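Asker: sequence first, then the predicted structure, then my questions.
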Amino acid sequence: MRIENELQGVTLLGNQHVQYSDNYNPAVLETFPNKHPENEYLVTFNCPEFTTLCPKTGQPDFGHIYISYIPRERMVESKSLKLYLFSFRNHGDFHEDCVNIIMKDLVKLMDPKYLEVTGYFMPRGGISIYPFANYADAGHEELKQQRLREQFTTALNHK
């Protein structure tokens, strides 16, 4: 069971008065200690209702975001992640930018061993976009390269 000092800094979970920011806000992200930093294990978030705005037209874009990471000492708290992703609602950026921003913000927040973000955006104008960004520390560079190669293979199989 977690003790109280392990939950310091986790302020959003269980808070019934949380404000949902619809403007990009990485400050809402919170972490908690990883109780198993000696283990290599994967955490995956499935975010099927991601929305953002086209930076040129202001029209809404809808996507499905997957975030997977191998934690080190800190882990992202899921309610804060939900609020963070919601904060893209009125953020005007291209899909590729959003995926890279999410990756960089989470790397800065947690310093994971490995992290990847994949976006599956709904078609607009008859075109779907599936950006992928990943990060690895020195010990996981081979995994980073392998996952990037797999993404090329996956993309080619979707034709």
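Answerer: Arrived safely, thanks for sending.

Asker: residue 77 is in contact with residue 109, correct?
Answerer: No. Between residue 109 and residue 77 there is no contact under CB atoms under 8 Å: 10.1 Å. Quick note: C-beta positions are derived from backbone N, CA and C, even for glycine.

Asker: common neighbours of these two, please.
Answerer: Common neighbours of residue 109 and residue 77 (criterion: CB atoms under 8 Å, 6 or more residues apart in numbering): 29, 31.

Asker: tell me where this protein has strands.
Answerer: Using DSSP state E, the strands assigned to the chain run over residues 31-33, 43-53, 60-70, 74-76, 114-124, 127-129, 132-136.

Asker: surely residue 101 touches residue 93?
Answerer: Yes. The pair residue 101 / residue 93 is scored as a contact, 7.1 Å apart, by CB under 8 Å.

Asker: picking that back up, reformat the strands of the chain as TSV; add mean neighbour count, mean pLDDT and distance to residue 25.
Answerer: TSV is the format used below for the strands of the chain (neighbours: other CB atoms under 10 Å; pLDDT from 0 to 100; distance: least, CB to CB, whole Å):
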stretch	mean neighbour count	mean pLDDT	distance to residue 25
strand 31-33	17	95	16
strand 43-53	15	96	13
strand 60-70	19	96	16
strand 74-76	20	97	14
strand 114-124	20	95	17
strand 127-129	12	91	24
strand 132-136	20	98	20
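
Asker: looking at those strands, which is closest to residue 89?
Answerer: Among those, strand 43-53 comes nearest to residue 89, with 5.4 Å by CB to CB.
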